[in-house]
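Novice: A predicted structure for the sequence below; I have some questions about it.
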Amino acid sequence: MEKQQISEQISCFPAVQSPLSADVGVIQCADETWIFDVGSSEEAAAAINAIPGQKNVVLSHFHPDHTGNVDRVAYSALYAGAFTCRRFGRGITVDEHRYFENGIHLFPLPSSHAKGCVGLEYGDYAFLGDAIYSTMKDGKAVYNAGLLRELIAVLKSLHANWFLLSHRKPFVNPKAEVVAWLGEVYALRDPHTPYIFCG
Ligand SMILES: [Zn+2]
């Protein structure tokens with residue numbers, strides 16, 4: 001599987017469409033490797049297992065294209081949102097900001113896309129999984145206005161200037177562009193309903 005290098009310490013195995021398998025982020029810290037999402041393809045599992053040394057896994061949310069390989073990969077510790085931990089019967093819950101000595105920062109992301117979304121910030125980069133995307137309701141793309149407001153606040157508070165968005169080309173996006181995009185969606189809200197339909 002072709003690895004895409006993002007910075008000296010950060011790389012990813014890009015998402016594939018069929019079978020749908022999300023991007024796998026790889027953060028090489030001094031004494032261990034952090035994996036953000038494990039994908040669902042055999043190729044992604046093999047690529048993760050080929051990384052030597054101690055590995056910690058973070059699951060961005062419970063959707064199968066991000067988590068399908070969770071039983072196929074070896075890891076030391078697994079971190080995820082409470083909903084994802086319950087779903088898989090394992091893991092250390094990320095229900096508040098967690099800062100590790102090696103610079104890894106995990107945090108919950110209020111998301112319309114899925115319950116229990118988690119992000120990972122390292123240096124100038126933040127992995128956001130699918131958290132900024134909408135969900136489908138009655139065949140339409142929709143955001144929850146309250147969750148979107150909270151999400152924008154969390155994203156603005158991050159120090160990283162680059163946001164890594166699953167399934168998207170380009171994968172690496174300027175923070176300012178992502179915040180502006182979500183701000184435009186939030187501006188479409190109607191005070192009479194919690195839903196913002198778009199697209
Ligand atoms: Zn998803």
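Specialist: Okay, I see it.

Novice: List the contacts of the spatially most central residue of the chain.
Specialist: By Cα atoms, centre = their mean, the chain has its centre lying nearest to residue 129, at 2.2 Å. By Cβ atoms under 8 Å, 6 or more residues apart in numbering, the residues touching residue 129 are 22, 36, 37, 60, 61, 66, 109, 117, 118, 119, 166. Every C-beta, even on glycine, is put in place using the N, C-alpha and C of the backbone.

Novice: what about the residue nearest to residue 77 when sequence neighbours are not counted, which helix or strand?
Specialist: Residue nearest to residue 77 in three dimensions, not counting chain neighbours: residue 56, with 4.7 Å by Cβ to Cβ, 6 or more residues apart in numbering. Using DSSP states H and E, residue 56 maps to strand 55-58.

Novice: Show me what that strand is in contact with.
Specialist: Contact partners of strand 55-58, identified using Cβ under 8 Å, 6+ apart, comprise 32-38, 48, 70, 73-80, 94, 106, 118, 120, 127.

Novice: Quick check: helices, which of those are part of them?
Specialist: residue 48 (DSSP state H).

Novice: Put the buried members of the contacts of strand 55-58 into a ChimeraX selection.
Specialist: Per 16 or more other Cβ atoms under 10 Å, the buried members of these correspond to this ChimeraX selection:
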select :32,33,34,35,36,37,38,48,70,73,75,78,79,80,94,106,118,120,127
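
Novice: ok, residue 111 touching residue 61?
Specialist: Yes: counting by Cβ atoms under 8 Å, residue 61 is a contact partner of residue 111 at 7.3 Å.
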